[in-house]
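Trainee: dropping a prediction and its sequence here:
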Amino acid sequence: VVRLRQSGGGSVQAGGSLQLSCTASSGTYNYHGWFRQAPGKQREGVATVRSDDGTPYYSDSVKGRFTITQGGNTIYLQLNSLKPEDNAMYYCAARYLGPKQGKLMAQLYNNWGQGTQVTVSS
């Protein structure tokens, strides 16, 4: 079991920025990332990073606006140019994935943080 502790998030106006962080302790994983879930919608992948070499993966909806980085067992998500459609609960997750498994598929992850709300007002 990978234990995940999140921090960050909050409320900003459209065009603003926020940062999220997530620290993992114990367990084994090779992908560590961020997912989000808006009310009435399925949880979707936002960005993940391969732990051994830092390779990032982004969903098309955030590419160019969000940046995932890692420092040791902590990952960060810098959210820039935020839009109202980014409103959601953001969760970090970690999992050991095989080379052919989808890196942004929420249903493959089984270790989750507690979630943090990101609210963007127009």
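Mentor: Okay, I see it.
Trainee: in contact with the most centrally placed residue in the chain, which residues?
Mentor: For the chain, the residue nearest the mean C-alpha position is Trp34 (1.3 Å; CA atoms, centre = their mean). Neighbouring residues of Trp34 by CB atoms under 8 Å, 6 or more residues apart in numbering: 20, 22, 45-48, 68, 75, 77, 90-93. (Each C-beta comes from the backbone N, C-alpha and C, glycine too.)
Trainee: which parts of the protein are strands?
Mentor: For the chain, the strands defined by DSSP state E occupy 3-8, 10-13, 18-25, 31-37, 44-50, 56-58, 66-71, 74-79, 88-95, 111-112, 116-121.
Trainee: of all these, which one is nearest Gly102?
Mentor: strand 44-50 (7.9 Å; CB to CB).
Trainee: now the closest one: mean pLDDT?
Mentor: The pLDDT scores in strand 44-50 average 98.
Trainee: quick one: it to chain centroid distance?
Mentor: What separates the centre of strand 44-50 from the centre of its chain is 6 Å, taken as CA atoms, centre = their mean, to the nearest Å.
Trainee: can you list the low-confidence ranges for the protein?
Mentor: Along the chain, the model assigns pLDDT under 70 to no residue.
Trainee: got the contact list for the residue nearest to the residue nearest to the centre of the chain when sequence neighbours are not counted?
Mentor: Leaving out its chain neighbours, the residue that sits closest to Trp34 by CB to CB, 6 or more residues apart in numbering is Val46, at 4.4 Å. Going by CB under 8 Å, 6+ apart, Val46 touches Gly33, Trp34, Phe35, Arg36, Tyr58, Ser59, Val62, Phe66, Leu77, Tyr90, Leu104.
Trainee: surely the fourth one touches Cys92?
Mentor: No: at 10.4 Å, Arg36 does not count as touching Cys92 under the criterion of CB atoms under 8 Å.
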